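Undergrad: following is a predicted model, sequence given first.
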Amino acid sequence: MNRACCATVKTAFKKVTHVIFDLDGLLLDTENIYTQATNNIVEQYGKTYDWSIKCQLMGLTGQESAKELVKLFDLPLTWEEYYALAQEQYKLLMPHANLMPGAEKLVRHLYNNQVPIAVATSSTQESAELKTAKYKDLFSLFHHIVTGGSDPEVKHGKPSPDIFLVCASRFPDNPKPEQCLVLEDAPNGVTAATKAGMQCIMVPDPNIGSELTKNATQVLKTLEQVRPELFGLPPLNGL
């Protein structure tokens, strides 16, 4: 499948008024850091964290991922012990995360054109603050950030729709789901968005097969290719 432009379109694009962004792997280039941090732990037990495992966990909360990893690798640890080790790794590595291509331009464009924007991440609040620390100016442009890993209103993590429904409800005008456009990189996130009744642009990792992108409204290679005008939003300059 060619991901150079819109690739998977199930229905005609519909006009939206609000935009919700995922964080990891979509706005911030953290997925390689997660891989490095995980391997730093599991390699001590003769295991290797590769793509076949990683793709199953993308979009899950930290605690959910810890539970699955301990089970999948049959580690001699409780999930709580693994989770604590992972947090130590993240504190060392996450502050160095870079923005994904096109992220800053798109966020600033929507903000400057008074399009309400928010973030819905499976991270805890502490983790999200750690990752975004060097980009405080950019992330201050979002109306709110929902951290599913610690938010009591998010009862179930992705692929359940809870996080996106909670995120939409926190805009002052409480838009309907069909008024919201979600941008995601992970299959679990796309499933959550579509279950919430929202359109979803997917910017997947190149390793993700086309069968895992078919539920997205549109599939792109990078955020640089997003065309907001297709969804009734102001077009980016130069496009």
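TA: Received, thanks.
Undergrad: pull the CA atoms of the longest helix seen in the chain into CSV?
TA: Identified as the longest helix of the chain according to DSSP state H is helix 79-93. Extracted in CSV, the C-alpha atoms of helix 79-93 (Å, rounded to 0.1, in the frame of the first residue of the first chain):
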residue,chain,number,x,y,z
TRP,A,79,4.4,-6.6,36.7
GLU,A,80,4.9,-4.0,39.5
GLU,A,81,8.6,-4.8,39.7
TYR,A,82,8.9,-4.6,35.9
TYR,A,83,7.0,-1.3,35.9
ALA,A,84,9.3,0.2,38.5
LEU,A,85,12.4,-0.7,36.4
ALA,A,86,10.8,0.7,33.3
GLN,A,87,10.1,4.0,35.0
GLU,A,88,13.8,4.3,35.9
GLN,A,89,14.7,3.8,32.3
TYR,A,90,12.2,6.3,31.1
LYS,A,91,13.5,9.0,33.5
LEU,A,92,16.9,8.6,31.9
LEU,A,93,15.8,8.5,28.3
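Undergrad: which pLDDT does the model give the residue lying closest to residue 34 once chain neighbours are set aside?
TA: What sits nearest to residue 34 in space, not counting adjacent residues and going by CB to CB, 6 or more residues apart in numbering, is residue 24, at 7.3 Å. In this view, the C-beta of every residue, glycine as well, is placed from N, C-alpha and C. Note on residue 24: pLDDT of 94.
Undergrad: residues touching residue 24, list them.
TA: Counting by CB atoms under 8 Å, 6 or more residues apart in numbering, residue 24 makes contact with 30, 31, 34, 121, 122, 123, 131, 185.
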